[in-house]
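Student: Okay, structure incoming, though there's no sequence with it:
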């Protein structure tokens, strides 16, 4: 297992707050199935994310990217066509309610 230190990562991303944001976002992506850019050596996603940062594969530009989940949510135009017609109809209510 390759040893990773925060100092290695700070050389690439000097601002500690940005480093935390970048590492956590990348770790989340890896946990959700993103392809790792370094060899995954039975490590946790956070360790792999830090190794990617230390090796220069990941930088602050990742913060400007939309997450796939957000893109899926924002793509609501496809929802009505994917649902059966009867799910879009509101059932009638009785007048006694």
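Tutor: Everything's here; your move. Just so it is clear, the structure is predicted and the values come from calculations on it, not from any experiment.

Student: Any stretches of the protein with poor pLDDT?
Tutor: Per-residue confidence for the chain (pLDDT under 70) gives these ranges: 1-2, 68-91, 95-97.

Student: The spatially most central residue of it is in what secondary structure piece?
Tutor: Per C-alpha atoms, centre = their mean, the C-alpha nearest to the average position across the chain is that of residue 29, at 3.6 Å. Here residue 29 is covered by helix 16-31, with elements defined by DSSP states H and E.

Student: What residues of that helix count as buried?
Tutor: 19, 22, 23, 25, 26, 27, 29, 30 (16 or more other C-beta atoms under 10 Å). Quick note: C-beta positions are derived from backbone N, CA and C, even for glycine.

Student: Find the residue closest to the first one in space, skipping its chain neighbours.
Tutor: Nearest residue to residue 19 in three dimensions, chain neighbours excluded: residue 13, at 4.4 Å (C-beta to C-beta, 6 or more residues apart in numbering).

Student: same thing with the last one?
Tutor: Of all residues beyond its chain neighbours, the one nearest residue 30 is residue 45 (4.0 Å), with distances taken as C-beta to C-beta, 6+ apart.

Student: Tell me how many other residues surround the one you found.
Tutor: Neighbouring residues of residue 45 were enumerated by other C-beta atoms under 10 Å; the total is 19.

Student: repeat for residue 55
Tutor: By the criterion of other C-beta under 10 Å, residue 55 has 15 neighbours.

Student: Pull the contacting residues for it.
Tutor: 37, 38 (C-beta atoms under 8 Å, 6 or more residues apart in numbering).

Student: and what of residue 26?
Tutor: Contacts for residue 26 were tallied using C-beta under 8 Å, 6+ apart; they are 34, 49, 52, 53, 58, 62.

Student: Filter the residues you listed down to the buried ones and hand me the PyMOL line.
Tutor: Under the burial definition 16+ other C-beta under 10 Å, those of these that qualify are selected in PyMOL by:
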select buried, resi 49+52+53+58+62
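
Student: Go through the contacts of residue 26 and say which is closest to residue 92.
Tutor: Looking at the contacts of residue 26 and their distance to residue 92, the nearest is residue 34, at 46.6 Å (C-beta to C-beta).
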